Each structure stands twice: as structure tokens, then as C-alpha cells.
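>>> Whatever this is, show me its structure:
(one chain, ligands or ions: 2)
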Amino acid sequence: MSPNQAPSVAPAPAGDREDAGTGPAVRLRALRKSFGAVTAVDGIDLDIARGEFFSMLGPSGSGKTTVLRMIAGFELPTSGTVELAGRDVSRLAPFQRDVNTVFQDYALFPHMNVIGNVEYGLRVKRVPRARRRERALEALRTVRLQELAQRKPGQLSGGQRQRVALARALVNRPRVLLLDEPLGALDLKLRQAMQIELKQIQREVGITFVFVTHDQDEALTMSDRIAVFNDGLIEQVGTPAEVYERPASAFVAGFVGTSNLLSGRGAEQVIGSRGVYSIRPEKIRVDTDLAVPARDGETGATGTVTGVVYAGATVRYEVALDAGGQLSVVRQNEGTAAGAPALEGSRVRLVWRQEHSFRVSEGSGETHR
Ligand code: ADP
Ligand code: MG
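Ligands and ions are numbered 1, 2, ... in the order given. This is a model prediction of the structure:
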């Protein structure tokens, strides 16, 4: 490394480098990674803005972790580039990049207390003792753990251990924090609480978060934007509402939310044209009166209820359409829904606003909007 290239081993305080570098926090161009015959990442272009809470969402094996590891420098790209704040870091070692990673398994030192764990990285970087302590306490305050500084990891709950791991990454004040399924080991209630807290912490510290998850609810709840991964490629990038309300492909429609597709003869008869159409289950109304004419701007279809699932807050109806195809309908359980199961076998009319059924691409890549 030449002397005028600033190494990230001794980063300046965040405030001093607000405008250091140009370009987005992370920029990936034609990024590919093969392991022998396996193509894990198949050519990805992506810009992540500064201060963004960005999620990479996709099923297991879709290439999310490999992308994260290439941003961190643990894996080198087979081809393509990784830029951080406008600087090409594709060939740099992890410690030369202004990023930190939080893993699912925490990887805390069991023999060190909490503050020792948080300070560790600064000790390696020879930050003086008093300064180290001050910054570690600040990081612990950020994750609301200052009271537990003297405990050992074994004396903490799973959620608390995850916070220590977070503090340990934040103490380095990286420009970008990479998180690989960090809440995956927590039970549902705790995970939901941590989702909200993590988002608050991200807002407070203003660091760009790149968050990997296979959990659609998690991605929808926390993110400014989401990239949906499928088989080494990104199918769609958008805000949670864009990805949910306007999935670009049948894959996205199915992976984010419930897949509710009309195709073939069903689509031709109900929508009036060929193609694959997505409709979210909660956008559909169930009417037992078949004779009511469709209102302006509405689409309707008749069918038979083949299943009713009572789920407390909601009731779900499976309806086989006369035109062919099957749709799920989810309704808020506003009354007692005691009569809902009796609808099984009934003839019903499904009604939705036209703009709620929209064409999606069948395969990967191209979008039809
Ligand atoms: P995800 O994080 O979305 O579950 P990964 O990035 O871990 O996906 O994996 C993507 C693909 O690359 C998978 O098929 C996986 O088996 C493969 N893969 C990942 N890392 C390696 C490796 N070190 N060696 C061989 N294959 C790998
Ligand atoms: Mg992974």
C-alpha cells in the first residue's frame, strides 16, 4: 500500500470524514463469484446509499452471504468490482476496508467480560487505554448495555450477546456495517423487539447497514430498501412497499408475501389478457351475493371456497375460480368470524380493484410494469 492511501486500521472519528470520498457507500459492478463449478453470485450491479438501512433478502443458497463477504474482503470476486465511497477496494484485504461485520454466531471471547470484548479491536489497533475505554462505553451505551459491562458472555441472554457483538462492531466506527442474519438465533418475540431496536440504533449512529436475511417480515420491517436475491442474481431492488405492492417477478411475489397468481385461462377470462398476474390476498373481498355487479374500476371472479383457515386476527379463504386457478383471500377478523368455517364449499364472488392485479414476469430478471 502506498503511503498516501489511508488505511482503515486507524479511522478518524466519524465526524471528521463525513464527506470523505465520493459516490455511494457501496457500489457493486458486474460482481461474480464462482466456487469451482458453482456460480454463487452471477453478475450483480448495486448501489447502496450512505446512511441507508439496506437488506439483502432471499432464500438459502441465493448468494447473499457471498456478496457480503466480497464487500467485507473475506472473499475476492471472480470478476467485477466492489467500491466503498467511490474507492475500488476489490483487491484489498479486509482490514484495509472501512467496514465491519456482525455474524449470527456472535463469536464473543467467553473468558473476557463485555467491555473487554468490545475493546478488543481497539486494543489490537493500539488505541490508548483511556480512549479505548471511553469509546467502548459509548458503544455499550448505544446498544443499551452499559450496566452489564463487567459480565461475562456466559451470563448474558442471547439478545444481550447479540448486542455485545453489535457494540464490538460499532466501536470501530466503520462507514459500513455488514450484518449476516444477526437475529437468526433469537426466538420470535425477541427477534421482533431487536428488529425495532436495531433500526433505531442505525438511525442514531447514521452508519450504512447492509443486512442479510431470509426472513421477509424482517426485511419489510427494517429496511429503507431491499434487494431480492434468487439464484445468484437480484430480481428486484426497491422500498419495502414497492417490493411488496409491485413485485417485479413471480419469484418476488411468492418470496415476499403470499404468492397469489393468476395465469393461463384464468388470467385470460378474469383479467382479459394472457400473462401472469399477482394479487395480494388482503386486497380481495369475498362476497356471498353473486348477483352484485362489479363497481367502476373493479374486477370480479366467481368461485367455490375450498378451504377456510381461522388464524385469530385474520381468516384465510382458499377459492377455486370457475375460470380456472386458485386464489387466497385474507380478511381481517372484524367480527367473531364464527360463521367463517361454514363458508367452506360455498359459491362466492371475489372482487378487487383493477390496479391490485398486475402483470409480473414469469422468470428472472426482466420486469413488466
Ligand atoms: P446464502 O447466504 O444466500 O444462503 P451463500 O452465499 O452462502 O448463500 O451461497 C451461495 C451458493 O454458493 C450456494 O450454492 C453455496 O453452496 C455456494 N458456496 C458458498 N460458499 C462456498 C464455498 N466456500 N465453497 C463452495 N461453495 C460455496
Ligand atoms: Mg447466508
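
>>> Now do the contacts for residue 40.
By C-beta atoms under 8 Å, 6 or more residues apart in numbering, residue 40 lies in contact with 33, 34, 63, 66, 232. All C-beta atoms are positioned from the backbone trio N, CA, C, and that covers glycine.

>>> Show the average pLDDT along stretch 252-259.
Stretch 252-259 shows a mean pLDDT of 89.

>>> anything in that stretch near ligand 1?
No: Stretch 252-259 lies out of reach of ligand 1 by C-beta under 6 Å from any ligand atom, never closer than 12.1 Å.

>>> buried set for that stretch?
For stretch 252-259, the neighbour count (16 or more other C-beta atoms under 10 Å) marks 252, 253, 255, 256, 257, 259 as buried.

>>> list the buried ones in the longest strand seen in the chain?
In the chain, taking DSSP state E as the definition, the longest strand is strand 298-311. Neighbour-count burial for strand 298-311, counted by 16+ other C-beta under 10 Å, picks out 299, 300, 301, 303, 305, 308.

>>> So which elements touch that strand?
Strand 298-311 sits against helix 264-270, strand 314-321, strand 326-332, strand 347-353, with contacts defined as 3 or more C-beta pairs under 8 Å, 6 or more residues apart in numbering; DSSP states H and E.

>>> Spell out which parts of the protein neighbour ligand 1.
Residues of the chain lying near ligand 1 (C-beta under 6 Å from any ligand atom): 35, 38, 40, 58, 60, 61, 62, 63, 64, 65, 66.

>>> Give me the buried entries from those residues.
Using 16+ other C-beta under 10 Å as the burial test, those include 40, 58, 62, 63, 64, 65, 66 as buried.

>>> And the helix or strand hosting the first one, what's buried?
In other words, residue 40. Assessed by DSSP states H and E, residue 40 sits inside strand 38-48. Residues of strand 38-48 classed as buried: 39, 40, 41, 42, 43, 44, 46, 47, 48 (neighbour count, 16+ other C-beta under 10 Å).

>>> got the CA coordinates for that strand in CSV?
C-alpha atoms of strand 38-48 as CSV (Å, rounded to 0.1, in the frame of the first residue of the first chain):
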residue,chain,number,x,y,z
VAL,A,38,-20.8,-23.5,-8.5
THR,A,39,-21.7,-19.9,-9.5
ALA,A,40,-22.7,-18.3,-6.2
VAL,A,41,-23.0,-14.8,-7.5
ASP,A,42,-23.8,-14.3,-11.2
GLY,A,43,-23.2,-10.7,-12.0
ILE,A,44,-24.7,-8.1,-9.7
ASP,A,45,-24.9,-4.3,-10.1
LEU,A,46,-26.0,-2.4,-7.0
ASP,A,47,-25.6,1.0,-5.3
ILE,A,48,-26.2,1.4,-1.6
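
>>> Give me the distance between residue 241 and residue 291.
Going from residue 241 to residue 291 by C-beta to C-beta, to the nearest Å gives 36 Å.

>>> before we move on, what about residue 143?
From residue 143 to residue 291 the distance is 60 Å (C-beta to C-beta).

>>> Tell me where the protein is predicted with low confidence.
Applying pLDDT under 70 to the chain flags residues 1-20, 336-339, 363-369.

>>> can you give me the helices in it?
Using DSSP state H, the helices found in the chain span residues 64-72, 114-124, 129-142, 158-170, 188-205, 216-222, 240-245, 250-255, 264-270.

>>> May I have the strands that pair with the strand holding residue 40, each with its orientation?
In the sheet, strand 38-48 lines up against strand 26-35 (antiparallel) (DSSP bridges).

>>> could you check the angle helix 64-72 makes with the partner strand?
120 degrees (axes from the mean of the first three to the mean of the last three C-alpha atoms, to 10 degrees).

>>> Perfect, that will be all.
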